[in-house]
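everything below, folded, please.
(chains A, B, C and D)
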Amino acid sequence: MKLILQSPSNLPIINPGQFVEVQTPDSSKTFLRRPISIHDVDYTRNRLILLVKTVGEGTKSLSNLSIGSTLNLVYPLGNGFDVSNVKHPLLIAGGVGIAPMMYLGKSLKKNDVEVNFLFGAKSSSGLLLEDEFRKVGNLYCTTEDGSAGTQGFVTQHAEIEKLGIDYDSVFVCGPIQMMKAVGNIVKQKDVTCYVSLENTMACGIGACLCCVTDTVSGHKCVCTEGPVFDIKDLKW
Amino acid sequence: MKLILQSPSNLPIINPGQFVEVQTPDSSKTFLRRPISIHDVDYTRNRLILLVKTVGEGTKSLSNLSIGSTLNLVYPLGNGFDVSNVKHPLLIAGGVGIAPMMYLGKSLKKNDVEVNFLFGAKSSSGLLLEDEFRKVGNLYCTTEDGSAGTQGFVTQHAEIEKLGIDYDSVFVCGPIQMMKAVGNIVKQKDVTCYVSLENTMACGIGACLCCVTDTVSGHKCVCTEGPVFDIKDLKW
Amino acid sequence: MNLNGLILKNPVMTASGTFGYGLEYDDFMDVSSLGGIIVKGTTLNPREGNPYPRLAEVKQGMINAVGLQNKGVDYFCKHIYPLVYNYKTNVLVNVSGSCISDYVSTAERINELENIPGIELNISCPNVKEGGMAFGTSCESAQKVVEAVRQVYKKHLMVKLSPNVTNISEIAIAVESAGADSVSLINTVLAMAINSETRRPVLSTITGGLSGPAIKPIALRMVWQVSKAVKIPIVGLGGIMTAADAIEFMLAGASAVEIGTANFIDPAISAKIVAGIINYLERHNISDVNSIIGGLIV
Amino acid sequence: MNLNGLILKNPVMTASGTFGYGLEYDDFMDVSSLGGIIVKGTTLNPREGNPYPRLAEVKQGMINAVGLQNKGVDYFCKHIYPLVYNYKTNVLVNVSGSCISDYVSTAERINELENIPGIELNISCPNVKEGGMAFGTSCESAQKVVEAVRQVYKKHLMVKLSPNVTNISEIAIAVESAGADSVSLINTVLAMAINSETRRPVLSTITGGLSGPAIKPIALRMVWQVSKAVKIPIVGLGGIMTAADAIEFMLAGASAVEIGTANFIDPAISAKIVAGIINYLERHNISDVNSIIGGLIV
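Numbers count the residues shown, from 1 in each chain, chains lettered A, B, ... in the order given. As a prediction, the model looks like this:
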């Protein structure tokens, strides 16, 4: 589900891959804010767009909101993807990991970079917003059951063969197993690979140290030192 | 605020003065059910009517319900008022204590008993549904600021003088101080006096023993042995 | 299920003080469909309990200060026992006292009741001035009272432990060595509520016992700790509202659970939790409920 | 307000581990408007803390298992202290250790820092294998570590107490007699969360520390108990989310409060609570905030 959020004031500069911490509607079932990645940004109309999949009580309560509801957000949080020196990127996502890829794709396109998306899902119903992504770049898809695109995992797609040849950098967001699988492939190629992690968070601003991931230089906060990490820094 | 509740099945027999335990909409701020007295019953359309004043988080969340919402009720609970041998009753209420008086008044009227209401409030804005009550019986009012009816407390109204003369029984619901004040007056007269208590409750069915009041025969549950007590049984 | 000799048709029981004598719930469910019910705290002599107010609602929980109001064990035997006699489930009596001899005398009386297969010895009530929790907060006193009751009580002796201790495992070990057949935990957590506007405590007794989902994470931890410390079965309780909650307690090491405060929110909840556990077992292809006891994967 | 020598502009401080070094909150509020901030748990040597996952959300609370991740006292003195030097509020350092000599060495280093008017000695962290909570759960060990630190630490010595004890008043008395200037309570309650679907514990450490509104009634009770037992001031914490909550702790006997988990829900909450307390005092015509300390009408 898309949440289109109208800001009462001008939006700050937002990097692709950054996220919001949203206060979910009052409920006995949720307590903490929920980190949700920014799907798209409309600076002209001061709108943030979030893509929310119902997975737990927090996202469920967000998906039950009626039009016109008010949300309390802390944003923009995290480092985001660095798009400054990217020339030939492949944007790989699985499942709800497609969320940040729209704004990332648009940001790259704005830099006159050709954008290629490679998305994987269990079946065709898991592939969302295909037309919108095609407006931004080329879209390749895989499904595990073959109901759309190439059958199999993203790591089995022909575009993966072009890593280090046609692509110099990879941006990945999705289930941890999929990101690790992509990581294993890129390790053998001469490409930079950024992954966006999704750990459980409390504060979102680097204060509580709950969301850490293990890196070559010790525990790092996914909320402030991530969510985007160069795969070389992770202990994968 | 009036809550009109449409039952999906036929209503059970409900005594005046009985109450419901209502599950309030999910919120971090409430946990237990809320006991609310039954304002009126419409057997023809299988409707229960509650009169809810916003006093805390529970009643606030009930007053925010939209039309068509579903509520989970346990009812009818408590003993209720015994109207079987009543001939000349005075129904005294203060503030939100008027809630059970409608169904009580109607039940008495059905027995061909003349109904007299004596309601007190801080000011005229606290006197609700006057026209509806007048359809059931005579309505006398007092307000502390004199903005409607006689200025003063219900205990200062002329009708109180007729206790033991024109009235043989008194039914009281309202703030504890007001009920005690009425109680002090009736003790010197030859009238029976029933008061409806409003203690904080958990279960509503006599299991938890949280809502007790002190009686001449020990602690009694307001939810099952009340909420209506003969004032002679209370240690007032 | 076999709880050290006590046969349960399912692992769901109801907690003392939250289910009356079962009779209060007959309108809402078939009480006999449960694994067991543990009826109200019973003492040797009648007790009036504490003055009103006895209840404070707090975030995801409530604090009570009932103080073991009950009509005494003689009244129970004469007037209540005949009413619960025909329940086709385990009716256990929660037994409290303010001194060891009271516990012993009460247990002796209940030992005579044919259809009462066990007692839950309450050494953890935070709402009485004498006895109660005091017995459950030191190993020595816990051991003494259990040993004394064990002398006279010949059926299932479950001992209900207090969470208001530094080391609940030590208490559980003491109670086990004194002859308890099982332990149930946790009783309520000593707590307090204040009305900032009136500047007064909400409860007549100032402090009371906290129950409900607020204490579930504490209860779960204690069940886990005790399961590593004793061999006798554990009955887990503390804020169980759903079948998933019950499963969590069993995974942590509980052989059965007690549903407490949830009965106030939904008077039919315990029967629903029985159904929910069956559903869980089916979804996970588990044929024997006993196999999830202590089944936490660590 | 005068907290036994520590001057606070208002009774609102922030709790260690929930407010980073204050710097994380500069975007959301004027940190210097608070009565004080207590920065992250600091140990003699750097600590990596526990593995991920370190967080479990529960009903009205969270369980954390961070395990005192920090870069050590030298790093603090060299790199963090200059950044917090100019806050116009009391910056206290929370000091942890796994043995007495670690506590002492860390306190000695912080004693040298001119703009750090006090430390909060953490003898109650439930998330480390050695030391931590172990020091805070017996009177003897609590007294020993406080006495040792008192020898070398010349400024305000606040000691943070563990709720995971049978009798928190005894520990408070021991700590007072060992020379503490104040006590803060409560630290987190040892707790556990399980995922019934995966049958695994949610935390890498299985158990962790419960915080948030779920524990407020327990914290309030302990503040009330300790206020009857010691003469040194009490700093109350545990689930404070609103100004009314803060007032309740003060009525129960706290001279000041710490805002913890609430900072995660609303990063500007502590400043809002300062404003809410002022509003409360005005509404109740109270001119001196000190007059509500221990002002519970019983």
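
all helices for chain A, in order.
For chain A, helices defined by DSSP state H occupy the ranges A:57-63, A:101-110, A:130-134, A:158-161, A:176-186.

who wins for proximity to residue B:208 among those helices?
With CB to CB, the closest approach to residue B:208 among the helices of chain A belongs to helix A:57-63: 28.1 Å. Bear in mind the C-beta positions are built from the backbone N, C-alpha and C, glycine included.

tell me how many other residues crowd residue 93.
In the absence of a named chain, chain A is used. Using other CB atoms under 10 Å in any protein chain shown, residue A:93 has 26 other residues around it.

um, chain C though
Residue C:93 is flanked by 29 other residues according to other CB under 10 Å.

kindly report the same for the one 4 residues further on.
Number of residues near residue C:97 (other CB under 10 Å) recorded here: 30.

give me the nearest residue to it, chain neighbours excluded.
Spatial nearest neighbour of residue C:97, excluding adjacent residues (CB to CB, 6 or more residues apart in numbering or on different chains): residue C:103 at 3.9 Å.

over to residue A:6?
residue A:47 (5.6 Å).

tell me the spacing between residue C:97 and residue D:175.
35 Å (CB to CB, to the nearest Å).

for chain A, what lies in contact range of chain C?
residue A:28 (CB under 8 Å from any CB of the partner chain).

could you redo the last one with a cut-off of 10 Å?
A:28, A:29, A:31 (CB under 10 Å from any CB of the partner chain).

quick one, phi psi at the most centrally placed residue in chain A?
Nearest to the mean C-alpha position of chain A, counting by CA atoms, centre = their mean, stands residue A:100 at 3.5 Å. Torsion angles at residue A:100 (phi, psi; degrees, to the nearest 10) stand at phi -80, psi -10.

I'd guessed it sits against residue A:195; true?
No: judged on CB atoms under 10 Å, residue A:100 makes no contact with residue A:195 at a distance of 11.3 Å.

look at residue 204 and report its pLDDT.
With no chain named, the answer covers chain A. Per-residue confidence (pLDDT) for residue A:204: 97.

not what I meant, chain C
97.

and it, what is it in contact with?
Applying CB atoms under 10 Å, 6 or more residues apart in numbering or on different chains to residue C:204 gives the contacts C:50, C:51, C:52, C:53, C:54, C:65, C:67.

since we're on the first one, how many residues are nearby?
Meaning residue C:50. Neighbours of residue C:50 (other CB under 10 Å): 23.

enumerate the residues of the stretch 151-298 of chain C near chain B.
C:202, C:208, C:211-214, C:260-261, C:263-268.

just the buried residues of these.
C:202, C:208, C:211-214, C:260-261, C:263-267 (16 or more other CB atoms under 10 Å in any protein chain shown).

residues contacting the closest residue to residue A:75 other than its chain neighbours?
Nearest non-adjacent residue to residue A:75, counting by CB to CB, 6+ apart: residue A:20, 3.9 Å away. With CB under 10 Å, 6+ apart as the criterion, the residues that contact residue A:20 are A:3, A:5, A:14, A:33-38, A:48, A:50, A:71, A:73-78, A:204.

and residue A:74, by the same measure?
A:19-23, A:33, A:35, A:203-205, D:27-28, D:266-268.

do you have the helices of chain C handy? List them.
Listed in chain order, the helices of chain C (DSSP H) span C:72-75, C:81-84, C:100-111, C:139-152, C:168-177, C:216-227, C:243-252, C:262-265, C:269-283.

for residue A:162, find the nearest of those helices.
The nearest among the helices of chain C, by CB to CB, is helix C:269-283 at 42.8 Å.

now the closest one - C-alpha only, CSV.
Provided in CSV are the C-alpha atoms of helix C:269-283 (Å, rounded to 0.1, in the frame of the first residue of the first chain):
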residue,chain,number,x,y,z
ILE,C,269,-10.9,-16.5,26.9
SER,C,270,-9.6,-19.7,28.5
ALA,C,271,-11.7,-21.9,26.3
LYS,C,272,-10.6,-19.9,23.3
ILE,C,273,-6.9,-20.4,24.3
VAL,C,274,-7.5,-24.2,24.4
ALA,C,275,-8.8,-24.0,20.8
GLY,C,276,-5.9,-21.7,19.8
ILE,C,277,-3.3,-24.1,21.2
ILE,C,278,-4.9,-27.0,19.2
ASN,C,279,-4.8,-24.8,16.1
TYR,C,280,-1.1,-24.0,16.7
LEU,C,281,-0.2,-27.6,17.1
GLU,C,282,-2.0,-28.5,13.9
ARG,C,283,-0.4,-25.6,12.0
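
distance between that helix and the chain's centre?
Mean-position distance between helix C:269-283 and its chain equals 20 Å (CA atoms, centre = their mean, to the nearest Å).

repeat that for stretch C:137-151.
17 Å.

likewise stretch C:151-168?
10 Å.

and that stretch, does that touch chain D?
Yes: residues of stretch C:151-168 contacting chain D under CB under 10 Å from any CB: C:162, C:163, C:164, C:165, C:166, C:167, C:168.

who's in contact with the fourth one?
I take that to be residue C:165. So residue C:165 contacts C:124, C:133, C:136-139, C:142, C:171-172, C:186, C:222, D:164-167 (CB under 10 Å, 6+ apart).

hmm, try it at 8 Å
C:136, C:137, C:171, D:165, D:166 (CB atoms under 8 Å, 6 or more residues apart in numbering or on different chains).

also the first one?
Going by CB under 8 Å, 6+ apart, residue C:162 touches C:123, C:124, C:126, C:133, C:136, C:137, C:168, C:171, C:186, C:187.

and for the fourth one, nearest residue in space, chain neighbours not counted?
I take that to be residue C:133. In this structure, residue C:133 finds its nearest non-sequential neighbour in residue C:126, 4.8 Å apart by CB to CB, 6+ apart.

circling back: most neighbours, which of the contacts of residue C:162?
Busiest of the contacts of residue C:162 [other CB under 10 Å] is residue C:136, holding 31 neighbours.

give the contact list for that one.
Neighbours of residue C:136 in contact, by CB under 8 Å, 6+ apart: C:123, C:124, C:142, C:160, C:161, C:162, C:165, C:171, C:187.

tell me where the model's unsure across chain C.
Regions of chain C meeting the criterion pLDDT under 70 cover residues C:129-132.

which bits of it sit near chain A?
Contact residues, chain C versus chain A (CB under 8 Å from any CB): C:60, C:213.

now do the phi/psi pair for the residue sitting furthest away from the middle of chain C.
Within chain C, residue C:197 marks the point farthest from the mean C-alpha position, 34.6 Å out by CA atoms, centre = their mean. Torsion angles at residue C:197 (phi, psi; degrees, to the nearest 10) stand at phi -70, psi -40.
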